[in-house]
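A.B. asks: fold the following.
(one chain, ligands or ions: 1)
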Amino acid sequence: MLPLLISETKDSSPLIEGLATELGLEFISKRDALKKQTLIHAQYYLVIGKNKSYLQVGIKGKSKPIFCNFTEWANNKKKSNLMRCMKGLPSECSVLDATAGFGRDALELATVSRSVVLIERIPWMYYLLKDGVRNSTQESVLTLVNKFKLVQSDAREYLNIEKNKTDVIYLDPMFPNKGSARAKKNIQALRDLSEEVLSDDLLIQALDFAKKRVIVKRHKNSNYLNNQKPSFSIQGRVVRFDVYVTNSSH
Ligand SMILES: C[S@@+](CC[C@H](N)C(=O)[O-])C[C@H]1O[C@@H](n2cnc3c(N)ncnc32)[C@H](O)[C@@H]1O
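C.D. replies: Numbering: from 1, shown residues only. Okay, here's the model as predicted:
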């Protein structure tokens, strides 16, 4: 399923329709969306707003907007196990998040690194990432998002042609909902709106490309990517981080 693109205001314009084409989405007017909503259960919309763009479930606006809320996330000081995976690395290290999604993990990685390249293959997700960065105005948030470089690409293609290696590569490929714990709304949206891509080959490429570490986020009951045993794992209530120490000299 793909989201339908609508404009927050009632009017449509060639600009909005052009954007829909660019993102590979179907544009629908609010009026038509209202007619259609009774027919389709849980339809997602990419709403292009004046101030920000966001995903929404259903047309009547009962669902909370789903967007890259870097300001809220940057102000949530709770440290996750991801930070423990970065322990021992210099704050000058470079990170590549090969599966950027909403960029929440990338934002946390930016707190302990010099730069983060975010790779996202889905055009509309990439658009929301750009919009999230554009809407970050608070000084403390800007310090973090200014370390971002956003790239719209399949990470496998990017790693094939990019020459400059990076210290750390982070992989958070989609995993199916395995337990009773409910996924965060944004991750559930990605699950509903995209196909799972096999990422075993991405791990092989990442291990070759990362100078120091590859960190993989998995569900605690999932097997290792490519069935490859990590150097160590850090397990939480739902999620497990597998850390591969590469320490290559190239
Ligand atoms: C589970 S989400 C990542 C969530 C992210 N860690 C966050 O904090 O929001 C996985 C994302 O990776 C993207 N993705 C999966 N495989 C990819 C690939 N080979 N290249 C680029 N993006 C990829 C998907 O489109 C999806 O947006």
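A.B. asks: I'd like the distance between Phe209 and the ligand.
C.D. replies: 13 Å (Cβ to the nearest ligand atom, to the nearest Å). Placement of C-beta: from N, CA and C, glycine included.
A.B. asks: is that residue in contact with Leu159, as I believe?
C.D. replies: Yes. With contact defined as Cβ atoms under 8 Å, Phe209 counts as touching Leu159 (5.3 Å).
A.B. asks: give me the element the closest residue to Lys165 other than its chain neighbours is part of.
C.D. replies: Excluding the flanking residues, the one nearest Lys165 by Cβ to Cβ, 6 or more residues apart in numbering is Lys211, at 5.3 Å. Counting by DSSP states H and E, the element that carries Lys211 is strand 210-219.
A.B. asks: buried stuff in stretch 15-27?
C.D. replies: Ile16, Leu19, Ala20, Leu23, Leu25, Phe27 (16 or more other Cβ atoms under 10 Å).
A.B. asks: ok, stretch 74-91 next?
C.D. replies: Neighbour count says stretch 74-91 has Ala74, Ser80, Leu82, Cys85, Met86 buried, by 16+ other Cβ under 10 Å.
A.B. asks: which helices and strands does the worst-scoring helix or strand of the chain on mean pLDDT pack with?
C.D. replies: Taking mean pLDDT, DSSP states H and E as the measure, the chain has helix 30-36 as its least confident helix or strand, at a mean of 81. Contacts defined by 3 or more Cβ pairs under 8 Å, 6 or more residues apart in numbering; DSSP states H and E place helix 30-36 against strand 4-7.
A.B. asks: average pLDDT across the strand it packs on?
C.D. replies: Strand 4-7 shows a mean pLDDT of 94.
A.B. asks: and what of stretch 158-174?
C.D. replies: 95.
A.B. asks: that one near the ligand at all?
C.D. replies: Yes. Counting by Cβ under 6 Å from any ligand atom, contacts between stretch 158-174 and the ligand involve Asp172, Pro173, Met174.
A.B. asks: one more: stretch 8-27?
C.D. replies: No. Shown here: stretch 8-27 not in contact with the ligand (Cβ under 6 Å from any ligand atom), separated by at least 13.0 Å.
A.B. asks: OK, contacts around the one residue in the chain that gets nearest to the ligand?
C.D. replies: Closest to the ligand within the chain is Gly101: 2.6 Å, counting by Cβ to the nearest ligand atom. By Cβ atoms under 8 Å, 6 or more residues apart in numbering, Gly101 lies in contact with Glu120, Met125, Asp172, Asn186, Ile187, Leu190.
A.B. asks: repeat for Cys93
C.D. replies: Going by Cβ under 8 Å, 6+ apart, the list of residues near Cys93 reads Met86, Val112, Ser113, Arg114, Asp167, Val168, Lys212.
A.B. asks: my guess is Gln152 meets Leu118, correct?
C.D. replies: No. Using Cβ under 8 Å, Gln152 makes no contact with Leu118, being 9.6 Å away.
A.B. asks: more neighbours, those two?
C.D. replies: Remark: of Gln152 and Leu118, Leu118 carries more neighbours, 26 against 17, as counted by other Cβ atoms under 10 Å.
A.B. asks: surely that one is within a strand?
C.D. replies: Yes. Counting by DSSP: H, G, I helix; E, B strand; the rest coil, Leu118 is part of a strand.
A.B. asks: excluding sequence neighbours, find me the nearest residue to it.
C.D. replies: That would be Ala100: by Cβ to Cβ, 6+ apart, it lies 3.8 Å from Leu118.
A.B. asks: number of nearby residues for the one you found?
C.D. replies: Ala100, neighbours per other Cβ under 10 Å, totals 28.
A.B. asks: that one should be in a strand, yeah?
C.D. replies: No. The secondary structure assignment for Ala100 gives coil rather than a strand, going by three-state DSSP.
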